[in-house]
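**Q** Requesting a structural model of the entry that follows:
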Amino acid sequence: MLTSWLHLSALVAYVGAIVGLAFVLLPTLGAVESHEARLNLLARSLKFYNPLQCGALGILVLTGAIQVTDLKAGGSFAKEIAMLGLKLLLAFVLILLSTYQSMGVALRFVRRCESGDPIAPEELQALARRLKNSTIPLLFLAAVTIWTGMQLRR
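**A** Numbering: from 1, shown residues only. Now for the predicted structure:
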């Protein structure tokens, strides 16, 4: 029971972080007038977003593995193997895309900002575009993965 609540809490944190990035932070960047202020806002926000996204995803993976063990113990593992395989495949792709967004795009940007490297406005726009373009598929994959998980719970 505790792992189910922990799994659900991590899921809310993970999806909330992605929704916050897509519908709060990225649109707010356009409203900020100064390039330096945009850089600071994005760097500070991503410093909070990266550990939240990765931590919530890690908890989801661990609690999901525990729940698969419970599924095997319950005896319904064999009849749910196709749906479980689909969910695991979706979760794998979701983890890869989340890691790309968090570590490949966001973390590199934060490190560049903290080291004092100059970032041109065009680079910032390209970074925001990459974040947005990876966030929309993440939301879709998360929704489909949640749906398959709910099908396993029936």
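
**Q** Following the chain past the helix or strand of the chain with the lowest mean pLDDT, name the next helix or strand.
**A** The helix or strand of the chain with the lowest confidence, counting by mean pLDDT, DSSP states H and E, is helix 35-74 at a mean of 89. Under the assignment DSSP states H and E, the closest C-terminal helix or strand after helix 35-74 is helix 81-99.

**Q** just checking, next helix/strand downstream of that following helix?
**A** The helix or strand immediately downstream of helix 81-99 is helix 108-115, counting by DSSP H and E.

**Q** between that next one and helix 35-74, how many degrees?
**A** Angle of helix 108-115 versus helix 35-74, following axes from the mean of the first three to the mean of the last three CA atoms, to 10 degrees, is 140 degrees.

**Q** For helix 108-115, list the C-alpha coordinates in PDB.
**A** Once side chains and other backbone atoms are set aside, the C-alpha atoms of helix 108-115 remain, and they are given as PDB (Å, rounded to 0.1, in the frame of the first residue of the first chain):
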ATOM      1  CA  ARG A 108      24.300  21.500 -20.000                       C
ATOM      2  CA  PHE A 109      22.500  24.800 -20.200                       C
ATOM      3  CA  VAL A 110      22.600  25.400 -16.500                       C
ATOM      4  CA  ARG A 111      26.300  24.500 -16.300                       C
ATOM      5  CA  ARG A 112      27.100  26.900 -19.200                       C
ATOM      6  CA  CYS A 113      25.200  29.700 -17.400                       C
ATOM      7  CA  GLU A 114      26.900  29.000 -14.100                       C
ATOM      8  CA  SER A 115      30.400  29.000 -15.700                       C
END
